[in-house]
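# sequence unavailable; structure follows:
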Ligand code: NAP
């Protein structure tokens, strides 16, 4: 039996080693130079595709990576191929079956196979290891029988199966296995002094799957439609599991934790209190997380159960940091809550506002009051510290004497009262309605 292996990478060489053990004549072609490896195995090697293809052989075995299979198939000068049978060993099956049926001349028989093992799992013995195959187009049965008999004689469990069915099963078994191994590798799993047997199995899985090329993994995903669904199922299952843990934790503490974008006394705080009332949340704890990014991150990490943050104001427009954060973290919107905002100019008790030089506040507040400030307080410059300083935080700092002597702030009346400030002017917002939309959200269920 003469087998020509096209693609002399890891798997091609692995098969060649075993074919040589039973004295099959093996020749090979590869893009890279494997002449030394081939010589050591007693295998002929060439990088000349035309010369390789026109050799007299019984079987042409295709063992190239999945993503390049179609392209290589198009490059083979098929009219010169003298083999009886063309076999592929790709780890996905519908794609090579369809391509070979389209491209191969009718005089060539086609056998699609998937040896469900590799250099690691099949290192010691092939006893009991699965070998899937479909006789796609077989007229010279003798060559096909001899090829299949080789694997049978080594103890493989021979499984005839349509390629389409293989791909359905493989998305679940093989793609899931490889994805798990690669996930563990992304987490840099390493041995510990207290390994359990289960953990050692994970380490072995990680090592085995990442030893295969990324081309192979990509092929398992990209050339099997079922794998796309499987990837979504993995993500969904992880989310469900996390939610189960978070929900249990919440049940045990019997208190809802609500994270809000602003600080204590902010408009977000005010909106949150309206929502707590509306949804009759009796037992709650508030976390003042200042930015929408921190709210959504905490929601995803199970630190809070609900989140509140602003997304739009009738005067100042879209709150862009909220929109960017919403695209980054998953969440489920319970309600978009609309609330009018009354902005106030606040100063320290006894402070002479005519001597103030600057307003320290959040840019959203400045945007909402720009015209009024320009007309009534043109001598005040506006200063913005960072996103961590919302209007309430600025009011708090002014009350604590932590802002410059010549500073005043813009914030809500509630914040002014809470931090003992003087309300210089109430309702300095340009738009008398000044409606703001707040997102009230929870974690996504699935
Ligand atoms: P792979 O990365 O899937 O394939 C490597 C082979 O593809 C090498 O021969 C490589 O040639 C060739 N190749 C890659 N890009 C090429 C290009 N642009 N032009 C020409 N050749 C190209 O790794 P593998 O493990 O050896 O797998 C080979 C095939 O066997 C795959 O289809 C895989 O699904 C299947 N398979 C693998 C296993 C396993 O355990 N590894 C098990 C069952 C089936 P060069 O090295 O010459 O560049």
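Nice, I can see it. From a predicted model like this one, the values you see are computed outputs, not experimental measurements.
# how far away from the center of its chain is stretch 355-367?
41 Å (C-alpha atoms, centre = their mean, to the nearest Å).
# can you list contacts of that stretch?
310, 313, 315-317, 319, 343, 345, 347, 373, 377, 379-385, 389-391, 394, 397-398, 403-404, 406-411 (C-beta atoms under 8 Å, 6 or more residues apart in numbering). In this view, the C-beta of every residue, glycine as well, is placed from N, C-alpha and C.
# sitting in helices, which of those residues do you find?
373, 391, 394, 397, 398 (DSSP state H).
# tell me which two in the residues you listed are the farthest apart.
Between any two of those, the greatest separation by C-beta to C-beta is 19.8 Å, found for 373 and 397.
# what parts of this protein come near the ligand?
For the chain, the residues in contact with the ligand (C-beta under 6 Å from any ligand atom) are 7-12, 30-32, 63-66, 68, 72, 89-91, 115, 118, 212-213, 215-216, 219.
# quick one: buried ones out of the residues you listed?
Buried members of the residues of the chain next to the ligand, scored by 16 or more other C-beta atoms under 10 Å, are 7-9, 11-12, 30, 63-66, 72, 89-91, 115, 118, 212, 216, 219.
# can you pull the pLDDT of whatever residue of the chain ends up closest to the ligand?
Residue nearest to the ligand within the chain: residue 118 (2.0 Å; C-beta to the nearest ligand atom). Note on residue 118: pLDDT of 93.
# re the thing from before, quick one, which of the contacts of stretch 355-367 are buried?
The neighbour count (16+ other C-beta under 10 Å) marks 310, 313, 315-316, 319, 343, 345, 347, 373, 377, 380, 382-383, 389-391, 394, 397-398, 403, 407-411 as buried among those.
# now residue 368: which helix or strand?
helix 363-376 (DSSP states H and E).
# residue 147 now?
Element membership of residue 147 [criterion: DSSP H and E] is helix 141-153.
# name the helices or strands packed onto that helix?
Applying 3 or more C-beta pairs under 8 Å, 6 or more residues apart in numbering; DSSP states H and E, one finds that helix 141-153 contacts strand 85-88, strand 109-115, strand 130-137, strand 157-160.
# SS state for residue 28?
Assigned with DSSP: H, G, I helix; E, B strand; the rest coil, residue 28 falls in the strand class.
# same check on the one 3 residues further on?
Assigned state for residue 31: coil (three-state reduction, three-state DSSP).
# need the winner for burial among the helices and strands packed on helix 141-153.
Of all those, strand 85-88 carries the top mean neighbour count, a mean of 25, counting by mean count of other C-beta atoms under 10 Å.
# direction included, what does it pair against?
Next to strand 85-88 in the sheet, as set by DSSP bridges, lie strand 59-62 (parallel), strand 109-115 (parallel).
# so which of the residues of the chain next to the ligand are in strands?
Judged by DSSP state E, these include residue 115 as members of strands.
# state the phi and psi torsions of residue 199.
Main-chain torsions, residue 199, degrees, to the nearest 10: phi -70, psi -40.
# any idea how many residues pack against it?
With neighbours defined by other C-beta atoms under 10 Å, the count for residue 199 comes to 13.
# and what of the one 4 residues further on?
When neighbours are counted by other C-beta under 10 Å, residue 203 registers 16.
# could you list the buried residues of the helix holding residue 147?
Buried positions in helix 141-153, judged by neighbour count with 16+ other C-beta under 10 Å: 143, 144, 147, 148, 150, 151.
# and the helix ranked longest in the chain, average pLDDT?
For the chain, the longest helix by residue count, based on DSSP H, is helix 225-253. For helix 225-253, the mean pLDDT works out to 91.
# which stretches in the stretch 251-400 of the chain count as strands?
Secondary structure of the stretch 251-400 of the chain (DSSP state E, counting those that start in this stretch): strands located at 256-260, 284-288, 306-313, 317-318, 332-340, 344-347, 358-360, 381-383.
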